[in-house]
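[1] what's the 3D shape of this:
(one chain, ligands or ions: 1)
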Amino acid sequence: MRRRAAAEQAERHPALHVMGLRRRFAQPGGEVEVLRGLELRVSSGELVTVTGRSGSGKSALLALLGGFDAPDAGTVSLNGVPIAGAPSWHACAVLPQALGLAGELTVAENVALPLRLHPDGEPDPVAIAARVSELLDELGVGALAGRHPAEVSFGQQQRVALARAISGRPRVLLIDEPTAHLDVGSVPAVLRALRRCADEGGAVIVATHDEQVHGIADRRVRLLDGLLAEL
Ligand SMILES: Nc1ncnc2c1ncn2[C@@H]1O[C@H](COP(=O)(O)OP(=O)(O)OP(=O)(O)O)[C@@H](O)[C@H]1O
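    Residues are numbered from 1 along each chain as shown. You can find the predicted model right below:
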């Protein structure tokens, strides 16, 4: 019964639904309204890229979608339920440009964290280790598992942070510029990982200037004058 109710809920409500989102920031010349009543719906299994000129508000938008910032007006709902603060990693994983890896943990321990904090309970440690090494290998950083984030390059940290964001198979994944610091050879693995996350049922939203990322999207939107336009 509960499963049927959840299925009906998923049908009625998109994985991510943004309504009337407004955000103003105080700036030296006065207040600037960066988001001006923005609307967005993203379904499970859909990968949407957000483009827009530098300073248009893409990172500010992701911070609001991830519950790290509060809007001046409007709502962000996950499966029909408005968020209040940052949801669990399982409900919504966020990969900001600053990455946010835990410096005291190894690469492998960082990637294992969402699995260990899973709301259904911590899976068997052998299953966690297998998932972690599979993801790190796929992203070309398997040899770094035992190092700490400060001991690897920023481009490598970026792939570790992506592995951490997707390890718990989040229902919604928000990513800011996932290819910004990568060498050309590392990009295909990142694109495959993002696409698979959507194909396995995640709603994936990626802010990017990179045409290669737009190439794997189901839908592209542009942030312009505080609103999103379909491309
Ligand atoms: N906490 C804040 N306080 C004041 N202004 C802010 C704050 N956060 C963002 N802004 C302003 O909001 C605007 C949008 O910034 P944001 O970082 O979201 O742009 P962006 O589209 O992600 O840019 P980029 O593509 O360069 O990463 C900028 O003018 C920025 O200065």
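[2] Just list the residues touching residue 120, thanks.
    For residue 120, the contact set (Cβ atoms under 8 Å, 6 or more residues apart in numbering) is empty. For glycine as for every other residue, the C-beta is placed from the backbone atoms N, C-alpha and C.
[3] nope, residue 46 is what I meant
    15, 198, 203-204, 218-219.
[4] residue contacts, the residue lying farthest from the centre of the chain?
    Farthest-out residue of the chain from its mean C-alpha position, per Cα atoms, centre = their mean: residue 29, at 32.0 Å. Listed by Cβ under 8 Å, 6+ apart, residue 29 has no contact partners.
[5] And for residue 98, the neighbour number?
    Residue 98 is flanked by 9 other residues according to other Cβ atoms under 10 Å.
[6] From the contacts of residue 46, which land in strands?
    203-204, 219 (DSSP state E).
[7] What subset of the residues you listed is buried?
    Burial by neighbour count, 16 or more other Cβ atoms under 10 Å: within the ones in strands among the contacts of residue 46 this picks out 203-204.
[8] Tabulate the contacts of residue 46 (JSON lines), appending pLDDT and distance to residue 146.
    Formatted as JSON lines, the contacts of residue 46 follow (pLDDT from 0 to 100; distance: Cβ to Cβ, whole Å):
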{"residue": "15", "pLDDT": "97", "distance to residue 146": "35"}
{"residue": "198", "pLDDT": "97", "distance to residue 146": "31"}
{"residue": "203", "pLDDT": "98", "distance to residue 146": "33"}
{"residue": "204", "pLDDT": "98", "distance to residue 146": "29"}
{"residue": "218", "pLDDT": "97", "distance to residue 146": "37"}
{"residue": "219", "pLDDT": "97", "distance to residue 146": "39"}
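[9] Reformat those as JSON lines; add distance to residue 98.
    Output for those, formatted as JSON lines (distance: Cβ to Cβ, whole Å):
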{"residue": "15", "distance to residue 98": "25"}
{"residue": "198", "distance to residue 98": "24"}
{"residue": "203", "distance to residue 98": "23"}
{"residue": "204", "distance to residue 98": "20"}
{"residue": "218", "distance to residue 98": "27"}
{"residue": "219", "distance to residue 98": "27"}
